[in-house]
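Q: Need a 3D model of the following:
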Amino acid sequence: MAPRLCLLVAAAWTGWAAVQATDYCKISPEHTMCKYPGIGPACGTQVLAREVSSEEADFIVELHNKLRSKVARGEETRGAPGPQPSGANIRALAWDEELATVAQRHADQCIFEHDCNDCRSVDRFNVGQNIYILKSWGLLQEKPDWNGAVISFYDEVDKFPGSGVGSYQFSTDTGHYTQLLWGTTSLVGCGYTKFKVGNVIKALYVCNYGPIGNIMSFPMYREGDPCSACPEGTTCSQEYEGLCEGNVVVESTWSDLQPSVTAGFFRNSNNNPQKTVTLHSEGFTMVYEYPRSLVTAPMSEPTSAPTPTTPPPATENNGAADADAE
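A: Modelled structure (predicted):
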């Protein structure tokens, strides 16, 4: 069996086994897999299509990796300003069945909003999310437009400064791009539901990413020659030039921070690591849960503080055949 196929089979089996073994209600009673037993009422009475085929899953993984490879090799000239720096530790993504199952359950609610951080977390790690929707008042193409969805996330690179790679700062304009490119993210799983409400046909696309990205003050990826800092247990991919490939999960750690940023912000009054931080932003309050490796790992003395981030708004396409992302 080819090495890449072995990795895909291993990742799919691990994800499927995790779905069978996990009590999601213990993660959170609000977890998408706990709260919703199936298709939600917002879908109306006409669910026209749902789920991601194996061929579509392969396409999603391939497109993500081609885009990540382009950046890793330093070939992305766009930005505000560009170009984007090459990446030394950007992982090749593999499909994960558990992430896909949770993403599908969220898509099956037919609500164009993110679920909460705890609502999509899995036992292995916390999970990021990108969402895209197409709306049509006429005919909507029969097959899902995964190319349009993923490219809509990636094209936010036009607004991302290449100088911002070293220390992530949240922006609603670029949050889909930064999660798509986050270096330590190595798994993706997506869901899809097309439904009709009144005379409007909608197609909702949800992609969940693990381990989570978009961590304030942490680097998107390590700048440097492609594959020059691949994590232990990974090697430079033969299929996707410049990406680090391997069946290991590596979360962001405190050592990824620039020297001027330490973990003091995350200590509570007893000098213990905090699991969550409450963030007030743009008229609402949310609790952001950090990657578990950051909660349990030893931390240095405080100097300055990383800040939690909110997810970007959903992407929606409105019109005869419109699209947008969140």
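
Q: ok, now which ones touch residue 90?
A: Contact analysis of residue 90 by C-beta atoms under 8 Å, 6 or more residues apart in numbering lists 68, 71-72, 181, 183, 221, 226, 242-244. For glycine as for every other residue, the C-beta is placed from the backbone atoms N, C-alpha and C.

Q: pLDDT value on it, please?
A: The model reports residue 90 with a pLDDT of 99.

Q: cool, and the one 4 residues further on?
A: Note for residue 94: predicted pLDDT of 98.

Q: Provide the backbone phi and psi angles at it.
A: phi -120, psi 150 (degrees, to the nearest 10).

Q: Which of the contacts of residue 90 fall within helices?
A: Using DSSP state H, the subset of those located in helices is 68, 71-72, 181.

Q: out of these, who's nearest residue 101?
A: residue 68 (23.3 Å; C-beta to C-beta).

Q: Would you confirm that the closest one contacts residue 182?
A: No. Residue 68 lies out of contact with residue 182 (C-beta atoms under 8 Å); the separation is 9.4 Å.

Q: hmm, back to that, of the ones in helices among the contacts of residue 90, select the buried ones using a PyMOL command.
A: Typed into PyMOL, the line below selects the buried ones among the ones in helices among the contacts of residue 90, using 16 or more other C-beta atoms under 10 Å:
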select buried, resi 68+71+72+181
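
Q: farthest-separated two in the ones in helices among the contacts of residue 90?
A: The span of those, defined through C-beta to C-beta, is set by 72 and 181 at 9.0 Å.

Q: what about the helices in the stretch 101-250 of the chain?
A: Assigned by DSSP state H, counting those that start in this stretch, the helices in the stretch 101-250 of the chain fall at 117-120, 146-154, 175-181.

Q: and the first one, which residues are buried?
A: So that's helix 117-120. 117-120.

Q: same deal with stretch 49-64?
A: Under 16+ other C-beta under 10 Å, the buried positions of stretch 49-64 are 50, 52, 57, 59-61, 63-64.

Q: again with stretch 163-176
A: 164-165, 167-168, 170-171, 174-176.

Q: Tabulate these in JSON lines, adding columns for pLDDT.
A: Shown next, in JSON lines, are the buried residues of stretch 163-176 (pLDDT from 0 to 100):
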{"residue": "164", "pLDDT": "98"}
{"residue": "165", "pLDDT": "98"}
{"residue": "167", "pLDDT": "95"}
{"residue": "168", "pLDDT": "96"}
{"residue": "170", "pLDDT": "90"}
{"residue": "171", "pLDDT": "92"}
{"residue": "174", "pLDDT": "97"}
{"residue": "175", "pLDDT": "96"}
{"residue": "176", "pLDDT": "98"}
